[in-house]
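[1] give me the fold of what follows.
(one chain, ligands or ions: 1)
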Amino acid sequence: MSGTREPRIGAVSDQTQTSVDELDPDQIEVDDTDPDEEEHLDPEAAARRSEALAHVRKFGDPVLRTKARPVDRFDETLSDEVRRMGELMTDAVGVGLAATQVGILHRVLVYRAQPQAPVAALVNPVVEWSGSELETAEEGCLSLPDVLVEVERAVHVRVTAQNELGEPIAIEASGLEARVIQHEIDHLDGVLILDRTSRSQRKDAMKALRAALGDG
Ligand SMILES: [Zn+2]
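    Just a heads-up that it's a prediction; the model follows:
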């Protein structure tokens, strides 16, 4: 996930006020390819970012529509995958990344909903419970350049998963953290934000994607 607009326009409401205050717009890229946003990055960071984005599968790649398989081997290959995904997400200035986005069909995701937080990794994540409170906010996606669409998500979720060592973990997440986790779990099921927005926004998004990805 490439982030949401809140840090800049404050017009959407997918997170608690606390986390809005903690977000630094210069550190959290909110839109993959917005030229205004690019200006916030120094040339070195911008170069790192485009290098990282080159490794992220883009819309049209069938892997993004493929359901990822549960992980049953917690070995060095897995920890390498997790480390590399964390690095890519950081370099790409994203707030979340699913393994499918780098062409690995494993149920693994990394995220960082707060700029100062360490990268969190979830293996085999499952939403055990979603609160009934829903919120709509704009989301971007590292796999969908130039796209920001409104997506309705549960504000509170409880997620169980394993860490990269195979140990069980449970997370209660709210606001942006809950949104990012739901966005990345969607990726593991081959679901994109295009599938979760209105018809008219999907239509505009497709137009933007055709322009950005140059497939006519
Ligand atoms: Zn995404």
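
[2] mind listing what Asn49 touches?
    I think there's a mix-up here, since residue 49 is Arg and not Asn. Going by CB atoms under 8 Å, 6 or more residues apart in numbering, Arg49 touches Glu29, Leu41, Asp91, Ala92, Val93. Just so you know, the C-beta spots here come from the backbone N, C-alpha and C atoms, and that holds for glycine as well.

[3] and which of those residues is nearest to the ion?
    Using CB to the ion, Ala92 comes nearest to the ion of those, at 10.9 Å.

[4] where does the residue nearest to that closest one when sequence neighbours are not counted land on pLDDT?
    Spatial nearest neighbour of Ala92, chain neighbours left out: Ala52 (4.0 Å); criterion: CB to CB, 6 or more residues apart in numbering. Ala52 is assigned a pLDDT of 95 by the prediction.

[5] gap between Ala52 and Val82?
    In this view, Ala52 and Val82 are 16 Å apart by CB to CB, to the nearest Å.

[6] equivalent analysis for Val157, please.
    21 Å.

[7] next: Asp75.
    The value you get for Asp75 to Val82, if CB to CB is used, is 11 Å.

[8] more crowded one of the two?
    Val82 (21 against 10; other CB atoms under 10 Å).

[9] contact partners for that one?
    By CB under 8 Å, 6+ apart, the neighbours of Val82 are Val108, Val110, Ala121, Val123, Glu164.

[10] so which of those residues is the closest to Leu97?
    Nearest to Leu97 among those is Val110, at 5.3 Å by CB to CB.

[11] returning to that earlier point: just send the contacts of Arg49 back as a markdown table, with secondary structure too.
    Below are these laid out as a markdown table (DSSP: H, G, I helix; E, B strand; the rest coil):
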| residue | secondary structure |
| --- | --- |
| Glu29 | coil |
| Leu41 | coil |
| Asp91 | helix |
| Ala92 | coil |
| Val93 | coil |
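
[12] pLDDT check: weakest of the residues you listed?
    Ranking these by pLDDT, Glu29 lands last with 36.

[13] where does the prediction get shaky in this structure?
    By pLDDT under 70, the weakly predicted segments of the chain are 4-39, 215-216.
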